[in-house]
Structures are given as C-alpha cells and as structure tokens.
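1. build me a model from this:
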Amino acid sequence: MNNESLSASSEPQETTQTKELMGIGELLKTSWAVIKNNIAILLGIIALYMVVTTGIEYLPVIFQLFALPVTIIISLITGIGLIFAVNNILEGNPADIRESYKTGFKKFFPYCWVIALVCLATVGGLLLLIIPGIIFGVWFSLAYLVRIIEGTGSTGALKRSKQLVKGNWWYVLGAPLVCGIVYGICIYAPIGVLFAIFKFGVKLPTKLCTPIFQIGTALAMVASTAVYVLMFRNLRDIKGTSVVKAKQGKGIGVIIVTCILLGVLFIGGMFAGMMIPALSRAREMARRTKCISNLKQIGLGLHMYAQDNEEKFPNTLSALYPKYISTLDIFKCPAQKEKIKTKADIDTKAGYKYISGLSEDSPSSAVVAHTKKGYFKRGRNVLYVDGHVEWKKKLTQSLNLRSN
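-> Sure thing, here's the model as predicted:
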C-alpha cells in the first residue's frame, strides 16, 4: 500500500477495501502514514488539550484540583475530534480542525454515555471472577468508535462492537497493545532524552520541562486513535456495515444489561461504603462538639455555685439545677439514649461523671467532670477545674478520674 495515498486528499483510500485482517506491521505502517502526512492538522486538533494541560501544571495545587474536570472534558472532546478527523482522512475527505471540534462538542454527551456503559459493563464482568470483565472490556472496546463513526445508539454501539470483535478477540486485544508498545518506545525514548538534557544539562526547573512530556502525550493520543480507527474500519470491512439485528442482539443485550446493573450496584456499594463511615464520623464529631458545650456550661455553673458557697463546688451536679443551670438537657450527653426528665435523674442518669470534693482552690489541672465511658469510641471530653474542656483518648488515674 502506498503511504502517500493516506494524505487528506479527495481520493478514496485503499484501506476501506481490505477484506483480510491487517497485520501489526501493516497497522503500524498505515497509521504512521496517516500521522506523517497529516501531522499539522492532527496536532492542531490536539493543541488546545496540550495548552490547557501544560498551563494547569503552573497553577497552585488547589486550583489544579478545580481545573481537573475541565482537563477531562477537553481531553474527551479532543478524542472525539481526532476520531472524526482520522476517519475522514481514511475516507479520502479533507480533515478540518473546526469541523473536528464541532463534532467533538456535538457528540460529547453520547460519547461519555457510551464510555460509562462500557466501564459499568466491564466492572460488572470483573465481579464475575475477573476474567469475564476482561472479555467484556475487549468486546466493547470499539463501542465508542461505533458511536462516533456509525452514529449507532449507545446500547446498539455495545452490541455492534461485540459483533465486530467476535472471532477476532485476541487480535483486538493484542494488536493495539503491540502497536502501543512500539509507538511508546518511539515517542517517549527521544522525549526522555530531551527531558534529561533540559533537566540535568541545561538545569531548567522541572515545571519548565513539563511541555516536553505534553508533546509526547499528544503524539501518543494521535497514534492510538489512528491505530484504533484503522482496526475498526478493517473489521467493519470484513464483517460488513450492517448493524446487529434485534434477534441477534437479544442475548448480548441481556449480558450487557446484567453487567451494567452489576457495575452500578458495585460502584454504588463502593460509594456507600466510603460515605457511611464518613457520615458516622461527622455525626460523632457533632455530638462531641455539643458535649463540649454542655461541659463548659456545667463548668460555668460550678463556678457560679462556688461564689455563693465559700469557693466550694457542690457534692452533686443536681445542686446546680435550676438556679445555676436552668435546662435539664445540659446534663445529658448527646451520645446517650437515656432522657433526663427530673432533678433526681441528674445524679443517676447524667451523661457526665462528676468528681466531688473540689473547690476554686483546687489545681487548675484537676478533673472535675468527664463524659462517661462508652459514649464515644475513641475517647471522651474532660472538664477541668479552671473551666476548659479537652478531648482525651485515654484516661488514667493521674487525671484524678474514678472508674467510668
């Protein structure tokens, strides 16, 4: 095949007439011809992605986190544009940067939905002893190309991808992998040398060397797109352009739906597993904060009592109610279930252990009250004579605490 024929000319390309699987060598040769003869257009399409990702590297970390969604969106739009452009080139139509981006914006949401379905189906398959997930991942690896090039609906794209891959599973798995290794070496080996020269020879800061790797990433995206579009068109020529009929797609449809449901359940369960402990910790923190407030109110009441009783604290907490503390809820720890309804309940059901026999003259580090054992998992709040409250993970006799 003549590589020069793969330029963005108006003549039809021979690759659309192939009826046999292209070998890995032919995939590499043809994809390189596409890249070489149309490098300006292809790099023009990916230029926005390169500029944005390079610019983000120079932002503060906090801004980089906010910019991450923008980077992902631009990379997806760029990917769609590259698919559109490479397919046009192979069909003999001129590739256009503006039309490529226009297609990228137009098909962004359908493209994302197909990717989401493929990911869910693959995750669902991985739950079935891992191997099915790998099988499904290869089956549906061409779905996004089907969605962009053929315009098939999302679930139909998955069925069509499976139809194209059927009988060529190992080829679809291995050919892009080998091509990726070859292109990876050819692209990143010289880029690594350039980076080393600028970093260690010229001694430029690392951030100033970042654009070198962005060029490598751009070329890798172009190369992988060219390989996959070539492989897709080759398989389509062999299998034909007809889509899967309803009866033919019924079985695979059931598999797709089942795997997607499994994926949804798994991802939902994973998020729930992460959120429940976080919510539990947040709830405990809120209770601890309210507990601290209660103890500070009790401390204030003790000092007010002492001013009226020769600088001595009361023998029981119930002596503070209702003159010095007017609300019974102050004596209830937010983590306890028992309710305090009367003054008598304060000394028997209060959520705080009171240490009697202290006074204003006691050391400020002496503990006067603390949360009872078992209300919090990792420790308890402690009230000191001087009125401040601290969180203690471990309580000892040296803190002047009794049992509980």
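
2. who touches stretch 190-210?
-> If you take C-beta atoms under 8 Å, 6 or more residues apart in numbering as the criterion, stretch 190-210 is touched by 54, 57, 58, 212, 213, 215, 216. (C-beta placed from N, C-alpha, C; glycine too.)

3. now for those residues, which pair is the farthest apart?
-> Greatest spatial distance among the contacts of stretch 190-210 (C-beta to C-beta): 58 and 216, at 18.4 Å.

4. of these two, who's got more company?
-> residue 216 (19 against 11; other C-beta atoms under 10 Å).

5. what about the more buried one, which helix or strand?
-> Per DSSP states H and E, residue 216 falls inside helix 206-239.

6. where do the strands sit along the protein?
-> Secondary structure of the chain (DSSP state E): strands at 352-354, 367-371, 380-384, 389-392.

7. deepest in the core, which of those strands is it.
-> strand 367-371 (a mean of 26; mean count of other C-beta atoms under 10 Å).

8. what about that strand, average pLDDT?
-> Mean pLDDT, strand 367-371: 90.

9. which neighbours does it have in its sheet, and in what orientation?
-> Under the criterion DSSP bridges, strand 367-371 sits next to strand 352-354 (antiparallel), strand 380-384 (antiparallel) in its sheet.

10. how close does residue 382 sit to residue 324?
-> Distance, residue 382 to residue 324, using C-beta to C-beta, to the nearest Å: 21 Å.

11. where does the stretch 1-150 of the chain have low pLDDT?
-> Filtered on pLDDT under 70, the stretch 1-150 of the chain yields the residue ranges 1-18, 128-129.

12. now the helices: where do they sit in it?
-> For the stretch 1-150 of the chain, the helices defined by DSSP state H, counting those that start in this stretch occupy 24-37, 39-56, 61-90, 97-106, 108-126, 131-139, 143-145.

13. what about those, which gets the closest to residue 169?
-> The nearest among the helices of the stretch 1-150 of the chain, by C-beta to C-beta, is helix 131-139 at 5.7 Å.

14. any idea how the protein splits into domains?
-> Domains of the chain are assigned by automatic domain parsing as 3-244, 286-399.

15. for stretch 340-359, buried residues please.
-> 340, 345, 346, 350, 351, 352, 353, 354, 355, 358 (16 or more other C-beta atoms under 10 Å).

16. now stretch 182-196, how far from the chain's geometric center?
-> 29 Å (C-alpha atoms, centre = their mean, to the nearest Å).

17. quick check: mean pLDDT of it?
-> Mean predicted lDDT for stretch 182-196 stands at 88.

18. flag every buried residue along it.
-> With burial defined by 16+ other C-beta under 10 Å, the residues of stretch 182-196 counted as buried are 182, 183, 187, 188, 191, 195.

19. how near is the closest residue in space to residue 112 that isn't next to it in sequence to residue 144?
-> Once flanking residues are discounted, residue 112 sits nearest to residue 76: 6.5 Å by C-beta to C-beta, 6 or more residues apart in numbering. As judged by C-beta to C-beta, residue 76 and residue 144 stand 10 Å apart.

20. and what of residue 153?
-> Taking C-beta to C-beta as the measure, residue 153 falls 13 Å from residue 144.

21. the two: which is more packed in?
-> Per other C-beta under 10 Å, whichever of residue 153 and residue 144 has more neighbours is residue 144, with 27 against 15.

22. adding distance to residue 278, write the domains of the chain out as JSON lines.
-> As requested, these are exported to JSON lines (distance: least, C-beta to C-beta, whole Å):
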{"stretch": "domain 3-244", "distance to residue 278": "18"}
{"stretch": "domain 286-399", "distance to residue 278": "13"}
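
23. what's the local residue count around the closest residue to residue 103 other than its chain neighbours?
-> Leaving aside its chain neighbours, residue 103 sits nearest to residue 84 (4.4 Å; criterion: C-beta to C-beta, 6+ apart). Per other C-beta under 10 Å, the neighbour tally for residue 84 reads 25.

24. residue contacts, residue 84?
-> 99, 100, 103, 104, 148.

25. I'd say residue 83 and residue 146 touch.
-> No: using C-beta atoms under 8 Å, residue 83 makes no contact with residue 146, being 10.7 Å away.

26. circling back: measure the residue nearest to residue 112 to residue 31 for me?
-> 21 Å.

27. so which of the two has more stuff around it?
-> Neighbours per residue (other C-beta under 10 Å) separate residue 76 from residue 31, with residue 31 holding more: 25 against 19.

28. distance of that one relative to residue 315?
-> Residue 31 sits at a distance of 89 Å from residue 315 (criterion: C-beta to C-beta).

29. what does residue 276 give?
-> From residue 276 across to residue 315, the span is 44 Å (C-beta to C-beta).

30. got a list of contacts for stretch 359-374?
-> 291, 295, 298-299, 302-303, 306, 311-313, 317, 333, 335-336, 351-355, 358, 380-386, 392, 395, 399-401, 404.

31. that older thread, most tightly surrounded among the helices of the stretch 1-150 of the chain?
-> Among the helices of the stretch 1-150 of the chain - counting mean count of other C-beta under 10 Å - the highest mean neighbour count belongs to helix 143-145, which has a mean of 26.

32. turn the helices of the stretch 1-150 of the chain into CSV, including distance to residue 369.
-> Below are the helices of the stretch 1-150 of the chain laid out as CSV (distance: least, C-beta to C-beta, whole Å):
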stretch, distance to residue 369
helix 24-37, 75
helix 39-56, 53
helix 61-90, 42
helix 97-106, 64
helix 108-126, 52
helix 131-139, 57
helix 143-145, 64
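
33. so which of those helices comes closest to residue 225?
-> Between the helices of the stretch 1-150 of the chain, helix 61-90 lies closest to residue 225; by C-beta to C-beta that is 4.3 Å.
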